[in-house]
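S.K.: this one's sequence-less:
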């Protein structure tokens, strides 16, 4: 799915949750109207500089859009028969899937010229800037500048995923840290910065700790919610039984978990809700 994958681990006992497990971050989905799917593909390829590598039927319409840099995003149609992909089950959210922008001024100038709205810049605790792009059909893309400010793909608007792949605006930092550590299996990372913020990481395939998520005070966000048409996805595997067992454990522990979408023998997905109602999307495929 993308080159950024996290090391698989097995469910482990945890004093806080009883059944903590590590999820592997496995990329992102962008949801789109099924009746305009080909138009959506063309929009992202034209305005974001991405390349469509596949366009096919799988639980509805699906396409793989390759970034100029590493990785790809999955474009997926809304489908009423699957809980994971129902438009009405994608409520307002404070969770963002983040993309890398190498030259923010050049990118914003392009968007302005082409009638694509953007938000004001905000500064993250590490000094990088972030802003939102109002994409096709109300979808919100969250852009984050690079750490060194260098441009490897000068002709791109969005070069790939940011190494800060998620931002979550939170009202109760303690509860959210507990959930993402004890249920999702992330780890709080040390940093020096303003109170009310936190960094969470997960292991990659080499066992190294990555900066994955910024938890940000909700009051610091001027547009606190957005629809969930952009979704980070996590993977549990490699065996189908691991995926189904995780789903069963989460339900048994009393978490808010959706029904399974698809068929665990080939492809299946579910989502659970964090303490503030943001979706954590989980899937497995053959």
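M.R.: Alright, I've got the coordinates. Remember, it's a predicted structure, so these values are computed and weren't measured experimentally.
S.K.: contacts, neighbours, all on C-alpha from now
M.R.: Will do.
S.K.: which strand runs longest in the chain?
M.R.: strand 160-170 (DSSP state E).
S.K.: for the helix or strand just after that strand, packing partners?
M.R.: Using DSSP states H and E, the next helix or strand after strand 160-170 towards the C-terminus is helix 173-182. For helix 173-182, the elements it packs on are strand 187-189, judged by 3 or more Cα pairs under 8 Å, 6 or more residues apart in numbering; DSSP states H and E.
S.K.: ok now the helix or strand following the strand it packs on, how far from the chain's centre?
M.R.: Following strand 187-189 in sequence order, the next helix or strand is strand 198-203 (DSSP H and E). Distance, stretch centre to chain centre, for strand 198-203: 14 Å (Cα atoms, centre = their mean, to the nearest Å).
S.K.: ok, back up a step: distance between the longest strand of the chain and the chain's centre?
M.R.: The answer for strand 160-170 is 7 Å, by Cα atoms, centre = their mean.
S.K.: try stretch 70-88
M.R.: Here stretch 70-88 is found 12 Å from its chain centre; the criterion is Cα atoms, centre = their mean.
S.K.: please name the residues that touch residue 29.
M.R.: Taking Cα atoms under 8 Å, 6 or more residues apart in numbering, we find residue 29 in contact with 73, 74, 75, 76, 229, 230, 231, 232, 233.
S.K.: do the same with residue 247
M.R.: Counted by Cα under 8 Å, 6+ apart, residue 247 has contacts 257, 270.
S.K.: still on that earlier bit, strand partners (parallel or antiparallel) of the longest strand of the chain?
M.R.: Strand 160-170 has its sheet partners listed here by DSSP bridges as strand 95-101 (antiparallel), strand 209-217 (parallel).
S.K.: lowest average pLDDT across these?
M.R.: Mean pLDDT values for the strands paired with strand 160-170 show the minimum at strand 209-217, a mean of 82.
S.K.: heading C-terminal from that one, find the next helix or strand.
M.R.: Later in the chain than strand 209-217, the nearest helix or strand by DSSP H and E is strand 230-235.
S.K.: ok and that following strand relative to strand 160-170, angle-wise?
M.R.: Going by axes from the mean of the first three to the mean of the last three Cα atoms, to 10 degrees, strand 230-235 is angled at 100 degrees with respect to strand 160-170.
S.K.: list the contacts of strand 230-235.
M.R.: With Cα under 8 Å, 6+ apart as the test, strand 230-235 has contacts from 23-31, 96-97, 139-141, 166, 280-284.
S.K.: how about JSON lines for the strands paired with strand 160-170, with distance to residue 267 added?
M.R.: JSON lines is the format used below for the strands paired with strand 160-170 (distance: least, Cα to Cα, whole Å):
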{"stretch": "strand 95-101", "distance to residue 267": "22"}
{"stretch": "strand 209-217", "distance to residue 267": "25"}
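S.K.: buried stuff in stretch 144-151?
M.R.: 144, 145, 146 (16 or more other Cα atoms under 10 Å).
S.K.: listing partners with orientation, what would you give for the strand or helix carrying the first one?
M.R.: Assigned by DSSP H and E, residue 144 belongs to strand 140-145. Strand pairing for strand 140-145, using DSSP bridges, gives strand 95-101 (parallel), strand 129-134 (antiparallel).
S.K.: could you say which of the ones you listed is packed most deeply?
M.R.: strand 95-101 (a mean of 26; mean count of other Cα atoms under 10 Å).
S.K.: next SSE after that one?
M.R.: As assigned by DSSP H and E, the chain's next helix or strand after strand 95-101 is helix 104-113.
S.K.: report the angle between that next one and strand 140-145.
M.R.: Using the same axes, to 10 degrees: helix 104-113 against strand 140-145 is 150 degrees.
S.K.: contacts for helix 104-113?
M.R.: Outside helix 104-113, the residues that touch it by Cα under 8 Å, 6+ apart are 47, 101, 117, 118, 145, 157.
S.K.: mind redoing it with 6 Å?
M.R.: residue 157 (Cα atoms under 6 Å, 6 or more residues apart in numbering).
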